[in-house]
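S.K.: Sequence below, structure please.
(chains A and B)
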Amino acid sequence: MSAPNLKANTGNAAPPNPKPSNFIRDIIVRDLEAKKFGDAQVQTRFPPEPNGYLHIGHCKAICLDFQLADEFGGKTNLRFDDTNPEKEEQEYVDSIMADVRWLGFEWEGLHYASDYFDQLHAWAVKLIEAGKAYVDDLTADEIRQHRGTLTEPGKNSPYRDRSVAENLDLFERMRQGEFPNGAKVLRAKIDMAAPNINLRDPVMYRILHAEHHRTGAKWCIYPMYDYAHGQSDSLERVTHSMCTLEFTDHQPIYRWYIEQLGIFPSQQIEFDRLNLTYTLLSKRKLRQLVQEKRVAGWDDPRMPTISGIRRRGYTPEAMRNFVAAVGVSRTNGSTDFAMLEHFVREDLNKRAHRAMAVLKPLKLVIDNYPEGQVEEMEAVNNPEDPGAGVRKVPFARELFIDQDDFKEEPPKGYFRLSPGREVRLRFAYFVTATSVVKNAAGEVVEVHATYDPATRGGNNPPDGRKVKGTIHWVCARHAVEAELRLYDKLFTKPDPNDVPEGQEFTANLNAQSLEVATTAKLEPSLASAKPGDRYQFERVGYFCADPDSKPGKLVFNRTVALKDSWAKQEKRGGAK
RNA sequence: UGGGCGGUCGACUAAUGGUAGGUCAAGUGCCUUUGACGCACUUUGUCCAGGUUCGAAUCCUGGCCGCCCAGCCA
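M.R.: This is a model prediction of the structure:
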């Protein structure tokens, strides 16, 4: 008899692996088993350039860098890739640190590529001495022409064979500031005929007479990304250096410098960028939206920046869950925006306290309710969390309900309020609409109704009567006013870059991405909401008090609407 | 076109030569003091063609399609 196989033994009780494998984790496991880095612990780094705000795409990189290291007992550094003083600013450094922390991560070391400028310079001298680098006097234009094309090899620069002594002298004079911007560059001597264009004598240093946000005027030559990144990783003894796919072609240079210098062999691993439908994740284009004032700023709640989604009311937990669900691979696709919204709702559903808010108020008068009487109805704060407790909500004869919750002529399948129809007022009473009052334009401005005292609290009456619809309400006399900012997708197309020839992505901006409800009525418990407080306005959506919000002048951002199967059904064409 | 990297339900992603599975979306029903949440069920997939193998999403060959690279940006 043959040995029973593993599958038969585990039966069907085996739980699914809670951490599905991904190819990077596999590489790390393999490297650890092979002791590729000796006994070194896993070390990663998150290396943003401080030239803009972090966005949702960076969430993926951040989670990968921090979680993967943590999973193996390793550490993660935050390193600013600040090799281009013309684009980088302290403002961005500050926002990036705040965003990483908001996402829930704390770095081990805080570094800057600029910390390594001295070392990088010394290594450049070493490469010159070894005949592996040279100073080139060609202009940027000439360098481009010498580089060749995708199909033709490049040509050597006439300066490629300068003596070591001359290169050393020239490079030193570049550093001293003897030459203007663009006059000379230091290039690695690799291979002008390489099929990989990145290997055709890449530029290592350029002359930039510019103040650096950290090193000030100390330098007028600055290293290029390719010359700085791998060595920075190496200096920090980074074992697994994750970056996005477009750097795959740069990996040979990354390795070339490390090998020539004989330093710690950090390993670059590329993964796919996060793309989201209806969303732009390009720093350049996001900056353009800010500069052209298409949005209110980097933290406009419609922006996919971390500061934008924070203000919008998204939670770090939701973002982490989303990123985990999206996974990581080497394919380039686009994740459905609905996936993001799902994880935002999932998290908020568990933690947001409920409240009642009426967006478009319609007065409801309960004719048989005693004038002047006020009752305190008990409402549960969160049905998903019994510990969240209850609160009192005042109820009286005159209320506001949402215009969408009353229809004089109800379509098929509609089970909210309409003449002769009975519904439940959440946590209050059953009411039956009896008549309407209209304005000169023929619009319903007031609905009259009667209530059933036997349904107090919203409970079914003893006679066993039931209603299909439950609607929310706010007591007219106790309501507090608020401004509700209703956000929608910033772009009208799944791919915002999909524009007719000659047009810009801005042509796809959604003109209805922000709608403001200025006359919203809220239950009084919301009067004390503080900026950042999150709520579910029942049957409407999740909202977050904006930093603009003040006592007496409340402002809420709609984080995400609740799913609405009635709206879906209506859109499909009525009754099912 | 030279080089590089990829193609698994509509989307994202597992299966590492041995039952193509999960999440989102979509649909149906149940539940319901949120048309929410939850629960159950359902639809849909290995780019194509050959080959190796008892057995191929996986290995091989040849196609096809997509993305990236010609910054003194990162």
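
S.K.: got a list of what the closest residue to RNA strand B within the stretch 401-550 of chain A touches?
M.R.: Going by C-beta to the nearest atom of the strand, RNA strand B is nearest to residue A:458 of the stretch 401-550 of chain A, at 2.5 Å. C-beta: built from backbone N, CA, C; applies to glycine. Residue A:458 sits next to A:377, A:424-430, A:470 when contact means C-beta atoms under 8 Å, 6 or more residues apart in numbering.

S.K.: just to confirm, which helix or strand has the nearest residue to residue A:376 once chain neighbours are set aside in it?
M.R.: Using C-beta to C-beta, 6 or more residues apart in numbering and skipping the chain neighbours, the partner closest in space to residue A:376 is residue A:392 (4.0 Å). According to DSSP states H and E, residue A:392 maps onto strand A:390-395.

S.K.: what pairs with that strand, and is each one parallel or antiparallel?
M.R.: According to DSSP bridges, strand A:390-395 forms sheet pairs with strand A:375-380 (antiparallel).

S.K.: quick check, the strand it pairs with touching RNA strand B?
M.R.: No - Strand A:375-380 is not in contact with RNA strand B by C-beta under 7 Å from any atom of the strand; minimum separation 7.9 Å.

S.K.: repeat for stretch A:350-367
M.R.: Yes - residues of stretch A:350-367 contacting RNA strand B under C-beta under 7 Å from any atom of the strand: residue A:354.

S.K.: Then stretch A:75-86?
M.R.: Yes - counting by C-beta under 7 Å from any atom of the strand, RNA strand B has neighbours in stretch A:75-86: A:81, A:83-84.

S.K.: Confirm residue A:204 sits in a strand?
M.R.: Yes - counting by DSSP: H, G, I helix; E, B strand; the rest coil, residue A:204 is found in a strand.

S.K.: burial count for the closest residue to residue A:147 other than its chain neighbours?
M.R.: Spatial nearest neighbour of residue A:147, excluding adjacent residues (C-beta to C-beta, 6+ apart): residue A:154 at 4.6 Å. Neighbours of residue A:154 under the rule other C-beta atoms under 10 Å: 20.

S.K.: On the three-state scheme, residue A:289 is what?
M.R.: Recorded secondary structure, residue A:289: helix (three-state DSSP).

S.K.: Could you check which helix or strand contains the nearest residue to it once chain neighbours are set aside?
M.R.: Distances taken as C-beta to C-beta, 6+ apart place residue A:295 nearest to residue A:289, at 5.1 Å, with adjacent residues excluded. Here residue A:295, judged by DSSP H and E, is contained in no helix and no strand.

S.K.: Please list all residues in contact with residue A:295.
M.R.: Going by C-beta under 8 Å, 6+ apart, residue A:295 touches A:289, A:302-303, A:490.

S.K.: Please spell out the segments of chain A that come in under the pLDDT threshold.
M.R.: Applying pLDDT under 70 to chain A flags the ranges A:1-20, A:574-576.

S.K.: what are the phi and psi values for whichever residue of it sits closest to RNA strand B?
M.R.: At 1.8 Å from RNA strand B, residue A:333 is the closest residue in chain A, using C-beta to the nearest atom of the strand. Main-chain dihedrals, residue A:333, degrees, to the nearest 10: phi -130, psi -170.

S.K.: Hmm, residue A:274 and it touching each other?
M.R.: No - Residue A:333 lies out of contact with residue A:274 (C-beta atoms under 8 Å); the separation is 9.7 Å.

S.K.: The two: which has the busier surroundings?
M.R.: More crowded of residue A:333 and residue A:274, by other C-beta under 10 Å: residue A:274, with 24 against 11.

S.K.: pretty sure that one is in a strand, no?
M.R.: No - counting by three-state DSSP, residue A:274 falls outside a strand, being coil.

S.K.: ok, now which ones touch it?
M.R.: Neighbouring residues of residue A:274 by C-beta under 8 Å, 6+ apart: A:56-57, A:59-60, A:281, A:323, A:326, A:335.

S.K.: how far away is it from residue A:22?
M.R.: 14 Å (C-beta to C-beta, to the nearest Å).

S.K.: next one: residue A:520
M.R.: Using C-beta to C-beta, we find residue A:520 at a distance of 44 Å from residue A:22.

S.K.: more neighbours, the two?
M.R.: Neighbour comparison, residue A:520 and residue A:22: the larger count goes to residue A:520, with 26 against 15 (by other C-beta under 10 Å).

S.K.: Please parse chain A into its domains.
M.R.: Here the domain parsing of chain A from automatic domain parsing is A:122-223, A:275-351+A:484-520+A:553-576, A:357-472.

S.K.: Between the two ends of the last one, how far is it?
M.R.: One end of domain A:357-472 sits 7 Å from the other (C-alpha to C-alpha, to the nearest Å).

S.K.: So what's the gap between that domain and the chain middle?
M.R.: Put simply, domain A:357-472 sits 38 Å off its chain's centre (C-alpha atoms, centre = their mean, to the nearest Å).

S.K.: same check, this time on the first one
M.R.: For domain A:122-223, the distance from its own C-alpha centre to the chain's C-alpha centre is 38 Å (C-alpha atoms, centre = their mean).

S.K.: That domain near RNA strand B at all?
M.R.: Yes - using C-beta under 7 Å from any atom of the strand, we find that domain A:122-223 touches RNA strand B at A:138-140, A:143-144, A:147, A:149-151, A:181-185, A:195-198, A:202-203, A:206-208, A:222.

S.K.: Quick one: end-to-end length of that domain, please.
M.R.: Using C-alpha to C-alpha, the end-to-end distance of domain A:122-223 comes to 12 Å.

S.K.: Would you write out the PyMOL command that picks the buried residues out of the residues of domain A:122-223 next to RNA strand B?
M.R.: Only the buried entries of the residues of domain A:122-223 next to RNA strand B go into this PyMOL selection, using 16 or more other C-beta atoms under 10 Å:
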select buried, chain A and resi 138+143+147+184+185+198+202+203+206+207+208+222
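
S.K.: All the helices of chain A, in order from the start?
M.R.: A:6-10, A:23-33, A:56-71, A:90-102, A:117-129, A:140-146, A:164-176, A:225-235, A:251-261, A:283-291, A:306-312, A:316-326, A:337-351, A:565-573 (DSSP state H).

S.K.: okay, these in JSON lines with distance to residue A:368 next?
M.R.: Output for the helices of chain A, formatted as JSON lines (distance: least, C-beta to C-beta, whole Å):
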{"stretch": "helix A:6-10", "distance to residue A:368": "66"}
{"stretch": "helix A:23-33", "distance to residue A:368": "66"}
{"stretch": "helix A:56-71", "distance to residue A:368": "53"}
{"stretch": "helix A:90-102", "distance to residue A:368": "52"}
{"stretch": "helix A:117-129", "distance to residue A:368": "81"}
{"stretch": "helix A:140-146", "distance to residue A:368": "84"}
{"stretch": "helix A:164-176", "distance to residue A:368": "90"}
{"stretch": "helix A:225-235", "distance to residue A:368": "75"}
{"stretch": "helix A:251-261", "distance to residue A:368": "78"}
{"stretch": "helix A:283-291", "distance to residue A:368": "55"}
{"stretch": "helix A:306-312", "distance to residue A:368": "43"}
{"stretch": "helix A:316-326", "distance to residue A:368": "45"}
{"stretch": "helix A:337-351", "distance to residue A:368": "37"}
{"stretch": "helix A:565-573", "distance to residue A:368": "29"}
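
S.K.: Quick one: closest of the ones you listed to residue A:42.
M.R.: Nearest of these to residue A:42, taken as C-beta to C-beta: helix A:56-71 at 5.1 Å.

S.K.: So which elements touch the closest one?
M.R.: Packed against helix A:56-71 by the contact rule (3 or more C-beta pairs under 8 Å, 6 or more residues apart in numbering; DSSP states H and E) you find helix A:23-33, strand A:43-46, strand A:75-80, strand A:240-244, helix A:306-312, helix A:316-326.

S.K.: what do you get if the cut-off is 6 Å, keeping everything else the same?
M.R.: Where contact means 3 or more C-beta pairs under 6 Å, 6 or more residues apart in numbering; DSSP states H and E, helix A:56-71 is packed against strand A:43-46, strand A:75-80, helix A:316-326.
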